[in-house]
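1. Need the 3D shape of this:
(one chain, ligands or ions: 2)
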Amino acid sequence: MTARIKDGNMELQMSVDSFVVQPDEDEFGHNHKLLQKLEMMSDLPSIFGSTVATFAVVYSTATMVFVYTVARQHFPQHLVDGVEKYGRKLVNFAFPYSQITFPEFTDAYMRRSEAFTAIQNYLSEKSSASANRLKADALKDSRSLVLSMDYNEEIADEFDGIKVWWTSNRNIPRSMQISLYPAVDEKYYKLTFHNRHKKHIIESYLPKVMEDGKAIGQVNRLRKLYSNNPSKHWNGFNPKWSHVAFEHPASFDTLAMAAKRKDEIINDLNAFKEGKEDYERIGKPWKRGYLLSGPPGTGKSTMIAAMANYLQYDVYDLELTTIKDNTELRRLLIDTSSKSILVIEDIDCSLDIMNERESKKRKIKEDDDLDPISKEVKKETEETTESKVTLSGVLNCIDGLWSSCGGERIIVFTTNYPEKLDQALIRRGRMDKYIEMSYCCFEAFKVLAKNYLKIDSHLLFAEIGELLGKTNMTPADVAENLIPVFRDENVETRMNRLIEALKAAKEGEGEGEGEGASRPKEKRKRGCNIRINKREKRNIR
Ligand SMILES: Nc1ncnc2c1ncn2[C@@H]1O[C@H](COP(=O)(O)OP(=O)(O)OP(=O)(O)O)[C@@H](O)[C@H]1O
Ligand SMILES: [Mg+2]
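-> Ligands and ions are numbered 1, 2, ... in the order given. This is a model prediction of the structure:
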C-alpha cells in the first residue's frame, strides 16, 4: 500500500508493492526479518545494477503473468477464481503481514509528502534511542541537531500492545531522464504490521503518528516573521509576503508584568489553543482578537513576541499604509497560514480608520469650506496618494474570508490611543480581549531586575518600589537604566542610576503641573494617562 495525504486526510492506495509476507519473530512467533531480506533482494538491481537479478525478477514476473493469462483463457472462470482465492489464503497464512509505504514526494512536481514529513518527525524521537545508524541534520539556528534513522535501519514501535516496524529506504533513479527537476533519490518509510491489526493500525495508530509528528514538526520548525510587500511588486517571483526567521527572545518569563495579569493572559491563550472542539461546537471561527494598548515602551510588541513564542506561531506584521485598497487587503489575508498571529501595530496611526464615522463627518465639513476647483484637486490628490483601505474593509476581512480560511489564528491590534478607536473595531466578538499595558509597577520591576541584574531581592528594592508607586516610568525606561554602561558594571551602581532617574522623573512630573516641564509634555504627546473608559472595557471583554 502507498499512503498520501489528501485534503488533510490520509488516503491509502493499493499498488504493486502491496504484498503480504512473512516477517520475523513477533507475538505470533513470526520472523519479520525475512521480509526485509526479500526486499533487499528486490532492491538488488538498483543497488548493484546486477543484470542477472533484474533478469530473474523480470523473468519470474513475466512467467507468472503468462501462466495466469493462459489459465484464465483455458479454464472456467469459477475454477480460476477459486484457485486465486485459495492461493491468496495460503499466502496470507504463510506471510500474515502487511506493509504501507510512505514515499517522500507526492507527485512529479516533487512536492514533499506531509505524511512523510510527519513520520520523519515522529521517528526522529524514537530513532535516537533505538536505531544504531543515525543521520544528523542541522536545525533552526544550526546549533541543534535532528537525528533520524539511516537507510535500511529499522525501528520497532508499540501501540496498544501491537508491535509494528518502521524501515527507512530510498529508490535510486534507474535511468537517465530528461527533466526540469534534477534526479534525486526518493526516500520512503515502510511500516510493517500483522494483518490482524490492519484496521486498528490504519484507523488509530497512523492518525496518532500523523498528529504527534505534526506537533513535533511545529515545535522544531523555524518560525517566520512575515511582512507584506507593496502590491506593485507582487508577481510570480515576488510573493505578497516576504519573511525572515522569527527569533525574538521574549517570553512570558521575561515579560515585566504583574504575575496575576500574566497568568490571566497565559490561561486565555491556553484556552484558545486547546479550544478547537469548543469553537467547532459553537460554530465560531477558531480565531481570537486582542487589543493591546498602552504608552510607548510599555511592552506591547514584546508581549506579541512572547505570545508567538508561547504558542509557537508565525507572525504576520501587516503594514496597512502600503495597501492600496480592500481587495488587496483581502488577497493578503487569504495568503496567510493558520497557527499565526496577524499584527496590525498602531492601528490609530495606520490609516484614517480610527473613527471612520467621525472622520467622514470631519471630511464633509472640510470639503464644504472649499471652492469647487480646490475640492476637485483635493479629491484627485487623495485618490492617487491615499490608501483606500477602510475600517469596514478591515472588519469584513477579519470577520469573513480570513476567518473561514483555516483556523487557529490570532489577530492583535496595538494602539497608544484606545479611546479614539471606532466602536465597530472594539465591539464584543471582534476584539475578544483587551490588554492594557501599563507603567512599570514594583512587581514588573522585580522581573526586570531578575532579567538584567540576576537578583531576586536587594536592600535598594524598597526605595525603588516606593518611587515606582509615585511616578510613571515605562518598563523600557527602567530596563534602559538597568543595562550595564560598561562590562561588569556592578548591580548597586545600576540600581542607583535607576533611583536617580526615578527621582528626576518624579520631580519632572511635579513640575509638569506648571509650565516648562519637558517630560510630562512629551508624555502627553506620546499618549500617556490614556485609560479606556468602563463602557468600552465592558464592550471588549
Ligand atoms: N513589559 C516589558 N517587559 C519586558 N521588557 C519590556 C517591557 N516593556 C518594554 N520592555 C523593553 O523595552 C523595549 C521596548 O518595548 P516595546 O517595543 O515592546 O514597547 P511598545 O509598547 O511596543 O512601544 P511602542 O508603542 O513604541 O511600539 C523592549 O525591547 C524591551 O526590552
Ligand atoms: Mg511596539
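2. Relative to Met495, how far out is the residue of the chain found nearest ligand 1?
-> Ranked by Cβ to the nearest ligand atom, the top residue of the chain for proximity to ligand 1 is Gly299, at 2.7 Å. Quick note: C-beta positions are derived from backbone N, CA and C, even for glycine. Remark: distance between Gly299 and Met495 (Cβ to Cβ, to the nearest Å) = 21 Å.
3. Just the local confidence number for Val70, please.
-> At Val70, the model reports a pLDDT of 71.
4. any idea which element Gly289 lies in?
-> Taking DSSP states H and E as the definition, one finds Gly289 inside strand 287-293.
5. partners of that strand in the sheet?
-> Counting by DSSP bridges, the strands paired with strand 287-293 are strand 409-415 (parallel), strand 433-436 (parallel).
6. anything in it near ligand 2?
-> No - Strand 287-293 stays clear of ligand 2 (Cβ under 5 Å from the ion), getting no nearer than 8.7 Å.
7. Where do the helices of the stretch 51-200 of the chain begin and end?
-> Counting by DSSP state H, counting those that start in this stretch, one finds helices in the stretch 51-200 of the chain at the ranges 51-74, 77-94, 114-130, 198-200.
8. These: lowest mean pLDDT?
-> Among these, helix 51-74 has the lowest mean pLDDT, at a mean of 59.
9. OK, contacts around the closest residue to ligand 2 within the stretch 301-450 of the chain?
-> Residue nearest to ligand 2 within the stretch 301-450 of the chain: Ser301 (3.3 Å; Cβ to the ion). Neighbour list for Ser301: 345, 414 [criterion: Cβ atoms under 8 Å, 6 or more residues apart in numbering].
10. Next one: it from Lys339, what distance?
-> According to Cβ to Cβ, Ser301 stands 20 Å off from Lys339.
11. Stretch 458-476 close to ligand 1?
-> Yes - for stretch 458-476 and ligand 1, the contact criterion (Cβ under 6 Å from any ligand atom) is met by 475-476.
12. So what would you say the end-to-end distance of that stretch is?
-> The straight-line separation of the ends of stretch 458-476 (Cα to Cα, to the nearest Å) is 21 Å.
13. List the contacts of it.
-> 256, 295-299, 439-442, 444-446, 448-449, 491-492, 495-496, 498-499, 501-503, 505-506, 509, 523, 528-529.
14. Outline the domain layout of the chain.
-> 2-220, 226-351+387-438, 359-385, 442-526 (automatic domain parsing).
15. and those domains, which one's lowest on average pLDDT?
-> Looking at the domains of the chain, the bottom one is domain 359-385 with a mean of 63.
16. coming back round to it: winner for burial among the strands paired with strand 287-293?
-> With neighbours taken as mean count of other Cβ atoms under 10 Å, these reach their highest mean count in strand 409-415, at a mean of 25.
17. hang on, the earlier thing: you'd agree the residue of the chain closest to ligand 1 is up against Ala256?
-> Yes - contact criterion Cβ atoms under 8 Å: Gly299 and Ala256 qualify, at 6.6 Å.
18. distance of the residue nearest to Tyr189 when sequence neighbours are not counted from ligand 2?
-> In space, and not counting its chain neighbours, Tyr189 is closest to Phe102: 4.5 Å by Cβ to Cβ, 6 or more residues apart in numbering. Using Cβ to the ion, to the nearest Å, one gets 44 Å for the distance from Phe102 to ligand 2.
19. Phe102 - how many residues pack around it?
-> Residues near Phe102, counting by other Cβ atoms under 10 Å, number 26.
20. what sits against it?
-> Counting by Cβ under 8 Å, 6+ apart, Phe102 touches 2-3, 113, 115-116, 119, 188-191.
21. Switch these over to JSON lines; also include neighbour count and distance to ligand 2.
-> Putting the contacts of Phe102 into JSON lines (neighbours: other Cβ atoms under 10 Å; distance: Cβ to the ion, whole Å) gives the following:
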{"residue": "Thr2", "neighbour count": "19", "distance to ligand 2": "50"}
{"residue": "Ala3", "neighbour count": "22", "distance to ligand 2": "46"}
{"residue": "Ser113", "neighbour count": "21", "distance to ligand 2": "40"}
{"residue": "Ala115", "neighbour count": "24", "distance to ligand 2": "40"}
{"residue": "Phe116", "neighbour count": "22", "distance to ligand 2": "40"}
{"residue": "Ile119", "neighbour count": "24", "distance to ligand 2": "41"}
{"residue": "Tyr188", "neighbour count": "21", "distance to ligand 2": "47"}
{"residue": "Tyr189", "neighbour count": "23", "distance to ligand 2": "45"}
{"residue": "Lys190", "neighbour count": "20", "distance to ligand 2": "51"}
{"residue": "Leu191", "neighbour count": "22", "distance to ligand 2": "48"}
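22. from these, which single one is nearest Pro239?
-> For those, the residue nearest Pro239 by Cβ to Cβ is Ser113; the value is 23.2 Å.
23. So what does that closest one look like in phi/psi?
-> For Ser113, the backbone dihedrals are phi -70, psi 130 (criterion: degrees, to the nearest 10).
24. for Arg494, same thing?
-> phi -70, psi -40.
25. thought it was touching Leu482?
-> Yes - Arg494 is in contact with Leu482 according to Cβ under 8 Å; the separation is 5.2 Å.
26. Please enumerate the shared neighbours of the two.
-> With Cβ under 8 Å, 6+ apart, Arg494 and Leu482 have common neighbours 452-453.
27. Show me which residues of the protein sit near ligand 2.
-> Proximity of the chain to ligand 2, by Cβ under 5 Å from the ion, involves residues 300-301.
28. Return the residues of the chain in contact with ligand 1.
-> Residues of the chain lying near ligand 1 (Cβ under 6 Å from any ligand atom): 255-257, 294, 296-302, 416, 437, 475-476, 479.
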